[in-house]
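**Student:** Sequence first, then the predicted structure:
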Amino acid sequence: MRNLSIAALVLLTAAACSQSPAESAPVDASAAAVPIEAAPAPAPAQPTPKAAAKRAEPIAVFERSEPTRASMDLISEGELLRVVFRAAPPRNSALTPGDCELQAVGPQDSDDVITARLVPFDGDQNVLTAANIGPNPPIIQVRVGPEGIFVTDSDAASRFCGLGSDIDGFYRRTGDDD
């Protein structure tokens, strides 16, 4: 057995030190003289969903302070609206989970209710894939009123965020002078 191990080690060492046929082939000097500038430029990188979402400016920002701090950005995407929630969980102990982020997209009806389905995203605080969401994404309803918005999340935060995370409730629009 020991002789077999030594023989295998010798063969592996010899194979690793020998040149491959490509390394031992003669180099054509004319091929090396092609200027680097002649190579075509690579195609520009397509923006990732995270980069695209970061560039999109919200048309409105809403915040709440009770029962925990949370914010919602409202972003226009043509006929649809994207709602981006960022919420802090209650700070009860060292075991409290980190912040929560959820994104949903949907239309706004004539009664000013946005009915948005949770969508996959790569955000600042969370990443959610279609596999995580499953075939029946939760629906987040955002009722827009004169003082702000009221959110009902269909337990989306409890499913996709840490224990105690919550996005339900009333949010006041920021930037208003009132």
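**Tutor:** Sure, I can see it.
**Student:** which residues of the chain fall in strands?
**Tutor:** Assigned strands in the chain, in chain order: 60-64, 70-77, 80-87, 100-106, 113-118, 121-122, 127-128, 139-144, 148-152, 169-173 (criterion: DSSP state E).
**Student:** I'd like the ones you listed laid out as CSV, including mean pLDDT, distance to residue 163 and mean neighbour count.
**Tutor:** Using the backbone N, CA and C atoms, a C-beta is placed for each residue, glycine as well. Listed next are these as CSV, based on pLDDT from 0 to 100; distance: least, Cβ to Cβ, whole Å; neighbours: other Cβ atoms under 10 Å:
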stretch, mean pLDDT, distance to residue 163, mean neighbour count
strand 60-64, 94, 19, 18
strand 70-77, 94, 16, 18
strand 80-87, 94, 13, 21
strand 100-106, 94, 10, 23
strand 113-118, 96, 19, 20
strand 121-122, 92, 21, 17
strand 127-128, 90, 17, 16
strand 139-144, 96, 19, 19
strand 148-152, 95, 19, 19
strand 169-173, 95, 18, 16
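**Student:** These: which one's closest to residue 162?
**Tutor:** Proximity to residue 162 (Cβ to Cβ) singles out strand 100-106 among these, at 6.5 Å.
**Student:** and the angle for the closest one with strand 139-144?
**Tutor:** Here the directions of strand 100-106 and strand 139-144 differ by 80 degrees (axes from the mean of the first three to the mean of the last three Cα atoms, to 10 degrees).
**Student:** Tell me the helices and strands packed up against strand 100-106.
**Tutor:** strand 80-87, strand 113-118, strand 139-144, helix 156-160 (3 or more Cβ pairs under 8 Å, 6 or more residues apart in numbering; DSSP states H and E).
**Student:** Repeat the analysis, applying 6 Å as the threshold.
**Tutor:** strand 80-87, strand 113-118 (3 or more Cβ pairs under 6 Å, 6 or more residues apart in numbering; DSSP states H and E).
**Student:** Which of these sits closest to residue 140?
**Tutor:** strand 113-118 (5.0 Å).
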